[in-house]
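Engineer: I need the structure of the sequence given here:
(chains A and B)
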Amino acid sequence: MSSKKWVILWCIPLIIFMSLYSVIYLYLSSNYENNSFQSIVKRQIENNSIYGTALNRNTFGYKMELVKQIKPNIVALGSSRVMQLREDSFNESFVNAGGAMNHLTEGIKFLNEMYSYHTPKYIILGLDFWWFNEAFPQVKEFKYHLNDGMTLDKNKITTTYEYLQNGKVSSNTFFNMLKIGQINNPYTSYDNLGFSAIKTSDGFRKDGSYLYSKTLFGIESTEDKNFKDTLQRVNDGNKRFQFGSQLSHNRLKLLHEIIDLTTKKGSKLILIIPPVSNTVHAHMIYKNYSYIDLLRNYIKTLGVENYDFHNLSILTTDDCECIDGFHGGDIVYKRIVAYIYSHTKNNEIKALIRIENVLSDIEFNQGKALTLGNDHYHLKEVDFLEIGCKK
Amino acid sequence: MLLFNSYEFIFLFLPCTFFIYFYLNKKKLTEASKGFLVLASLFFYSWWDIVYLPLILLSILFNYVIGTSLAKTKEHQNVSKKQLLLIGILCNIGLLGYFKYTHFFLENFNGIFETSLPLPHIILPLGISFFTFTQIAFLVDAYRNEVKEYDFMRYMLFVTFFPHLLAGPILHHKEMMPQFANMKNKIIHYRNIALGLFLFSIGLFKKVVIADTFALWAIQGFDKATVLTLFEAWATSLSYTFQLYFDFSAYTDIAIGVSLLFNIKLPINFNSPYKATNIQDFWKRWHITLSRFLRDYIYIPLGGNRQGHFRTYSNLMMTFLIGGLWHGAGWTFIFWGFLHGFALIVHRFWQLLGGKLNVIIAWIITFNFINISWIFFRAKEWSDAIKVLRGMFGLSGIVLPNVLSNTLTFLGQYGIKFGGLSQNIGGHYSVYTWLSVGFILVLMFKNSMSVMNSFALNYKTVLFSSALFIYAIYDIFILKDVSEFLYFNF
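Structural biologist: Numbering: from 1, shown residues only, chains lettered A, B, ... in the order given. Model prediction:
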């Protein structure tokens, strides 16, 4: 074999590999599945885009980037159970960092990192009751935080290939992006970033709140029809609904750490206990969840502004406004904001709330999970829970 | 830093430099091509931090001036040749000393005299240890009238040529200048390209796949674990022993491979060092160009072995203490140098007595000595070294795998526990598989240089090397966090 032939043969597999890699790289980048959170948030803010990723699960990193770029006066922090708080309820800049705190330890990490970039005036902290149950494991290391959105690994490549093969995603999106500069779908007129958003507009809005379009518009059926899945958890005492009679002292210490940290940094903390649906609540009272009552009482003794919405009936008796058994919809959270407005003794907090908007949204969207009247949606909300809701 | 294992280097810098260099040569612009290669090398250096570019330029200019003056100066002139050489060497050592040893010196001064002189946090310029040594060798060669040529542009290229600039090999002026001058080297030689790509592939794979994997356990064991049980401690020390070899020899393979693309042959630096059966043999195989430098420019000028046994031993010890200090400004490095100096003295004494050992026993003693001495080389603090050593001698407990707990229950009464074999270093059993692979590779396989010597242009070599290269590239893309070569720190 000649030397020249050897060199050419050596280069051919490399060229093939690099070409394939480049195609996948370009395809994923054009679908916003291989981009930095910095560029994603920048585009979201500019184009009012929805970001719903299928391949980069790092809500912590993404929400941190929202805080970095928006530098809001109000931050809502917690799990997915605060993700329906929306910016249109407030008079000041707002970021929903829901989903970035799935454990108390993760919340502390988020706050510490956030304070190195920005100090919001107000933090609305949603407390999930299971955090305070020793039977729910506390995670200390969060490896998924390392995902910067741009790691094109084997898993990402094979998943993309599978998605393309079974039609979950389309290769057309790449050309659409080149042609019209944004990715649309038949369900909304949003600019969509990431496979989930591209497919159904399911994803985070530019304020960090979540649009459950896949479920709300009935594009795909929910697992929690008739609250079946949540009720099963309650019956079995698993998947965050572990039974418990005592509050975990270690977890309470972590809560105090959060309170001390926010106080030291000068952010005003508002604690809320997010609701479960009325149906689920009714089942829970017959099970061994006495630690939740202890928690609800304990929160009241902390000397921090706090609101207990665990029992949804103080806001509404209508489960149609829920997304599932332990996630309220947009209107439930509008009701939460209105409740805070009417019960707070702090005029500064009252001034934060755009109460006319909130009340009008509640009035016109009663019994719904989504605030309608927004012309970005091409479909209407359906009775996705199949509990006889008139939408 | 523009690392050999970064995609900026592999896909942008190297191809661009290669094509422009040979394009200029094809157009008969040989001076321009030389100038371009110097500029490319300086760009390569400045990528890390342009602030240090004037430093290397100044060092080159200074040494060139001294070198040319040495060629012209006669002994009986006002400033004698010897004085000029001394000035040159002292300035080089002064520069290296300032950047590398000021902090260490002041820290020790404060400790001994109970003063509180402020400690300047001086950043060590990349490659300074290497380009300083290379140029000291040049000055000594010039003093000895061994330098035949003083073309400034070629001298610049000799010092800055990017494949060797950051971590060697440490070059002799006389082995490089003729290659830069040779017109035959100005045209593309496909055989050299094939050989270069072959070595580059092996080196990249060794670094990205093998060395960086061992690094995980070495970091965990040395820097993070608070205590190491018997097996964990051995896994930690062996991981570093293999990491260092695969990392540094990978760098050398890539440097030699990349140089070959430009038709420049760099000297070999490794020759299966862990196959050595005595310490002298080891130093003939490990970092060969450094050993050569230490021998030619320190040991022999000190008197070598020509002035009796005692002087030979003290010269050996002095050479290795300097070698240790060259590697890093720390007592652990000096102690590492002391251990090697002492081992060489013992070996010489043993030879003098006519002692002989079975090859396997000799290998076991040599390898274990090297493995233990690397602990001091790697440890950031004495306490880290003690921690690993304590573990290796079973003083921090012995933990056997859980699967043996039923059959070997009686060992419990001797304090032996059952549990994870590598809990404190990452909890993976794969470390032991990797260590076995490491032993097989360093003991059973030919080294890169031997493979290169028997290199044949056939489908087997092309498939083998392109597969290694693509796998390594894929690893780089996945990991993204490209790690430095260890010898950049020295």
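Engineer: Closest residue of the stretch 201-350 of chain B to chain A?
Structural biologist: Residue nearest to chain A within the stretch 201-350 of chain B: B:Ser201 (8.2 Å; CB to the nearest CB). C-beta coordinates here come from the backbone N, C-alpha and C atoms, glycine included.
Engineer: Is that residue in contact with B:Ile473, as I believe?
Structural biologist: No: the criterion here is CB atoms under 8 Å, and B:Ser201 misses it with B:Ile473 at 9.7 Å.
Engineer: between these two, which one's more packed in?
Structural biologist: A direct count of neighbours by other CB atoms under 10 Å in any protein chain shown for B:Ser201 and B:Ile473 places B:Ser201 higher, at 27 against 22.
Engineer: how close does that one sit to B:Met444?
Structural biologist: Counting by CB to CB, to the nearest Å, the gap from B:Ser201 to B:Met444 is 20 Å.
Engineer: same deal with B:Tyr299?
Structural biologist: On the measure of CB to CB, B:Tyr299 and B:Met444 end up 33 Å apart.
Engineer: More neighbours: which of the two?
Structural biologist: More neighbours surround B:Tyr299 than the other of B:Tyr299 and B:Met444, with 21 against 8 (other CB under 10 Å).
Engineer: Now the residue in chain B positioned nearest to chain A: phi and psi?
Structural biologist: Going by CB to the nearest CB, chain A is nearest to B:Tyr190 of chain B, at 3.4 Å. Note on B:Tyr190: backbone dihedrals following degrees, to the nearest 10 are phi -60, psi -30.
Engineer: Now do it, the pLDDT please.
Structural biologist: On the pLDDT scale, B:Tyr190 is placed at 94.
Engineer: I figured it hits A:Ser2, correct?
Structural biologist: Yes: using CB under 8 Å, B:Tyr190 is in contact with A:Ser2, at 7.3 Å.
Engineer: who has more neighbours, the two?
Structural biologist: Counted by other CB under 10 Å, B:Tyr190 and A:Ser2 do not tie: B:Tyr190 has more neighbours, with 15 against 11.
Engineer: tell me the contacts of the more buried one?
Structural biologist: A:2-4, A:6-7 (CB atoms under 8 Å, 6 or more residues apart in numbering or on different chains).
Engineer: just these that are near chain B?
Structural biologist: Restricting the contacts of B:Tyr190 to those touching chain B (CB under 8 Å from any CB of the partner chain) yields A:2-4, A:6-7.
Engineer: Tell me which entries of the residues you listed lie within helices.
Structural biologist: Members of the ones next to chain B among the contacts of B:Tyr190 lying in helices (criterion: DSSP state H): A:3-4, A:6-7.
Engineer: Nearest to chain B among these?
Structural biologist: Out of those, the member with the shortest distance to chain B (by CB to the nearest CB) is A:Ser3, at 3.4 Å.
Engineer: Distance of that closest one relative to A:Leu77?
Structural biologist: 63 Å.
Engineer: now swap in A:Arg240 and tell me
Structural biologist: Taking CB to CB, one finds A:Arg240 at 18 Å from A:Leu77.
Engineer: Now rank the contacts of B:Tyr190 by neighbours and give me the top one.
Structural biologist: Most neighbours among the contacts of B:Tyr190, by other CB under 10 Å: A:Trp6, with 25 neighbours.
Engineer: Flag every residue of chain B that's near chain A.
Structural biologist: So chain B meets chain A at B:11, B:189-191, B:193-194, B:197, B:457-459, B:461-462, B:465-467, B:469-470, B:473-474, B:477-478, B:480 (CB under 8 Å from any CB).
Engineer: Can you turn the buried part of these into a ChimeraX selection?
Structural biologist: In ChimeraX, this line selects whichever of the residues of chain B next to chain A come out buried by 16 or more other CB atoms under 10 Å in any protein chain shown:
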select /B:189,191,193,194,197,457,461,462,465,466,469,470,473,474,477
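Engineer: Sheet partners, orientation included, of the one helix or strand in chain B whose mean pLDDT sits lowest?
Structural biologist: Here the helix or strand of chain B ranked lowest by mean pLDDT, DSSP states H and E is strand B:417-419, holding a mean of 80. Sheet pairing of strand B:417-419 (DSSP bridges) gives strand B:399-401 (parallel).
Engineer: May I have the residues that are in contact with B:Ala385?
Structural biologist: Residues in contact with B:Ala385 (CB under 8 Å, 6+ apart) are B:332, B:375-376, B:379.
Engineer: nearest spatial neighbour of it, skipping sequence neighbours?
Structural biologist: The shortest distance from B:Ala385 to any residue other than its chain neighbours is 3.7 Å, reached at B:Ala379 (CB to CB, 6 or more residues apart in numbering or on different chains).
Engineer: With B:Phe342 instead?
Structural biologist: In space, and not counting its chain neighbours, B:Phe342 is closest to B:Met317: 7.1 Å by CB to CB, 6+ apart.
Engineer: so after the helix or strand containing that neighbour, what's the next helix or strand?
Structural biologist: Using DSSP states H and E, B:Met317 sits in helix B:308-327. Helices and strands here follow DSSP H and E; after helix B:308-327, the next one along the chain is helix B:331-352.
Engineer: What is the neighbour count of the residue nearest to B:Ala385?
Structural biologist: 23.
Engineer: Touching, it and B:Phe222? I think so.
Structural biologist: Yes: counting by CB under 8 Å, B:Phe222 is a contact partner of B:Ala379 at 6.2 Å.
Engineer: Give the intersection of the neighbour lists for those two.
Structural biologist: Joint contacts of B:Ala379 and B:Phe222 (CB under 8 Å, 6+ apart) are B:Val388.
Engineer: Near chain B, which residues of chain A are found?
Structural biologist: A:1-7, A:9-10, A:13-14, A:17-18, A:21, A:150-154.
Engineer: From the residues you listed, list the buried ones, please.
Structural biologist: A:3, A:6-7, A:9-10, A:14, A:17-18, A:21, A:150-152.
Engineer: For those, give me JSON lines that also has secondary structure and distance to A:Leu125.
Structural biologist: Shown next, in JSON lines, are those (DSSP: H, G, I helix; E, B strand; the rest coil; distance: CB to CB, whole Å):
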{"residue": "A:Ser3", "secondary structure": "helix", "distance to A:Leu125": "68"}
{"residue": "A:Trp6", "secondary structure": "helix", "distance to A:Leu125": "64"}
{"residue": "A:Val7", "secondary structure": "helix", "distance to A:Leu125": "62"}
{"residue": "A:Leu9", "secondary structure": "helix", "distance to A:Leu125": "62"}
{"residue": "A:Trp10", "secondary structure": "helix", "distance to A:Leu125": "58"}
{"residue": "A:Leu14", "secondary structure": "helix", "distance to A:Leu125": "52"}
{"residue": "A:Phe17", "secondary structure": "helix", "distance to A:Leu125": "48"}
{"residue": "A:Met18", "secondary structure": "helix", "distance to A:Leu125": "48"}
{"residue": "A:Tyr21", "secondary structure": "helix", "distance to A:Leu125": "43"}
{"residue": "A:Met150", "secondary structure": "coil", "distance to A:Leu125": "30"}
{"residue": "A:Thr151", "secondary structure": "coil", "distance to A:Leu125": "30"}
{"residue": "A:Leu152", "secondary structure": "coil", "distance to A:Leu125": "35"}
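Engineer: This completes my enquiry, with thanks.
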